[in-house]
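*Asks:* prediction below, plus the sequence it came from.
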Amino acid sequence: MADAASQIGAASPPRRRRAGRGEARAGMLFALPWMVGLAIFTLIPLVITFYIAQAKFQITGAPKWVGLQNYAAIWADPEVWASARNTLMFATISVPIKLVLALGLALLLNRVTALSGFYRTVFYLPFLMPAVAGSVVFILLLNPGAGPVNIMLQAMGLHPPDWLLDPKAALWTLILLSLWPLGVETLVFLGGLQNIPRDVSEAADLDSPHPWHKLIWITLPLITPMILFNLVIGIIYSFQVFTQALVIGGTTGKPAEATLMYMVVLYRAAFRYFNMGYAAAMATVLFGVVLVLTLLIFRTARSWVYYEGETR
């Protein structure tokens, strides 16, 4: 009996290894469609973009290697610098405001029990609206002559600015437009709030009667992973703002390049002047900037993002 048991025990590790290899092969087969799609639609175009960025390519002919000339042209292009300044200002202002508003909405929705599903759907619906349609609606609402927003402000005795014609107000109008669809950020924060353990929340209520103390010392630290996620995604998308800027300011960033965004200049170089090498170089620069910012955020996240079960 002992010999039989020892033989079974000796045979079980190879059997487990074979089973493990079979599970690994099955996992690879299930992941294969995603890996093929990643290679075809992401990695290969990325490599081609890096190559075209160092070539003169006008679509009609073959790419001609020019080295770093495209990057030198970007450095000397004043429109690129103007668009980069506008994009940086847009991201710096819109991302924090969007995070605060989304968190406030999530806190309100977390307290609502009746019709909570209805309110979540209502706040998510603007995200589903096409960006072009939303931009056109905002143009109609902010029309200097007959726009309902200006009519309402004038009835209150206020003097509204020329939202779309004043260079000092146009960028703020674009930022206001970007704050409208908050559904994704709000739902991410709401999911984090609902995952806070009930006993921790009740203990915080007993420990301090002030809601602000609970928010600062309990709620915010426990949802820092969601803050990190929304911050990274917000920065990535804010540096790629395109549709709203194109609808409101066109390809020239009207008025006076106030709404000229980096992606609009990139689009113009690629699809108006067909200078694909220059556009690819601009895309490469944008990729590098966003990558560096994302890595910096993740590096600093070690000191302010807290995960459940983590000890420091």
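*Replies:* Good, I have the coordinates.

*Asks:* now do the buried residues in stretch 108-115.
*Replies:* Across stretch 108-115, burial judged by 16 or more other C-beta atoms under 10 Å covers Leu109, Asn110. To be clear about C-beta, it is placed using only N, CA and C from the backbone, and glycine gets the same treatment.

*Asks:* for that stretch, what is the distance to the chain centroid?
*Replies:* Here stretch 108-115 is found 26 Å from its chain centre; the criterion is C-alpha atoms, centre = their mean, to the nearest Å.

*Asks:* how far does that stretch stretch from start to finish?
*Replies:* 12 Å (C-alpha to C-alpha, to the nearest Å).

*Asks:* what do you get for stretch 122-137?
*Replies:* Span of stretch 122-137 from end to end, C-alpha to C-alpha: 17 Å.

*Asks:* which residues are in contact with that stretch?
*Replies:* Contact with stretch 122-137 is made by 105, 109, 177, 180-184, 186-187, 243-244, 247-248, as judged by C-beta atoms under 8 Å, 6 or more residues apart in numbering.

*Asks:* out of the residues you listed, who's the most crowded?
*Replies:* Comparing these on neighbour count, Thr186 comes out first with 26 neighbours (neighbours: other C-beta atoms under 10 Å).

*Asks:* how about the helices of the stretch 101-250 of the chain, start to end?
*Replies:* 116-128, 131-141, 148-155, 167-178, 183-194, 198-207, 211-214, 220-222, 224-238, 243-249 (DSSP state H, counting those that start in this stretch).

*Asks:* adding pLDDT and distance to Asn275, write the contacts of stretch 122-137 out as JSON lines.
*Replies:* Shown next, in JSON lines, are the contacts of stretch 122-137 (pLDDT from 0 to 100; distance: C-beta to C-beta, whole Å):
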{"residue": "Leu105", "pLDDT": "90", "distance to Asn275": "43"}
{"residue": "Leu109", "pLDDT": "87", "distance to Asn275": "47"}
{"residue": "Leu177", "pLDDT": "90", "distance to Asn275": "29"}
{"residue": "Trp180", "pLDDT": "84", "distance to Asn275": "34"}
{"residue": "Pro181", "pLDDT": "84", "distance to Asn275": "32"}
{"residue": "Leu182", "pLDDT": "85", "distance to Asn275": "37"}
{"residue": "Gly183", "pLDDT": "84", "distance to Asn275": "37"}
{"residue": "Val184", "pLDDT": "88", "distance to Asn275": "34"}
{"residue": "Thr186", "pLDDT": "91", "distance to Asn275": "40"}
{"residue": "Leu187", "pLDDT": "90", "distance to Asn275": "40"}
{"residue": "Thr243", "pLDDT": "92", "distance to Asn275": "22"}
{"residue": "Gln244", "pLDDT": "91", "distance to Asn275": "24"}
{"residue": "Val247", "pLDDT": "92", "distance to Asn275": "23"}
{"residue": "Ile248", "pLDDT": "91", "distance to Asn275": "24"}
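
*Asks:* residues near Trp65, how many?
*Replies:* 10.

*Asks:* hmm, it is touching Ile52, no?
*Replies:* No. Taking contacts as C-beta atoms under 8 Å, Trp65 lies outside contact range of Ile52: 10.3 Å.

*Asks:* show me where pLDDT drops low in the protein?
*Replies:* 1-16, 18-20, 205, 208-209, 308-312 (pLDDT under 70).

*Asks:* walk me through the domains of it.
*Replies:* The chain breaks down by automatic domain parsing into domains covering 2-52, 71-301.

*Asks:* which residues sit against stretch 70-80?
*Replies:* 53-56, 257, 260, 262, 265, 277-278, 280-282, 285.

*Asks:* one more time with 6 Å, if that's ok
*Replies:* Applying C-beta atoms under 6 Å, 6 or more residues apart in numbering, the contact partners of stretch 70-80 are Ala53, Val265, Gly277, Tyr278, Ala281.

*Asks:* keep only those of these that are in helices.
*Replies:* Val265, Gly277, Tyr278, Ala281 (DSSP state H).
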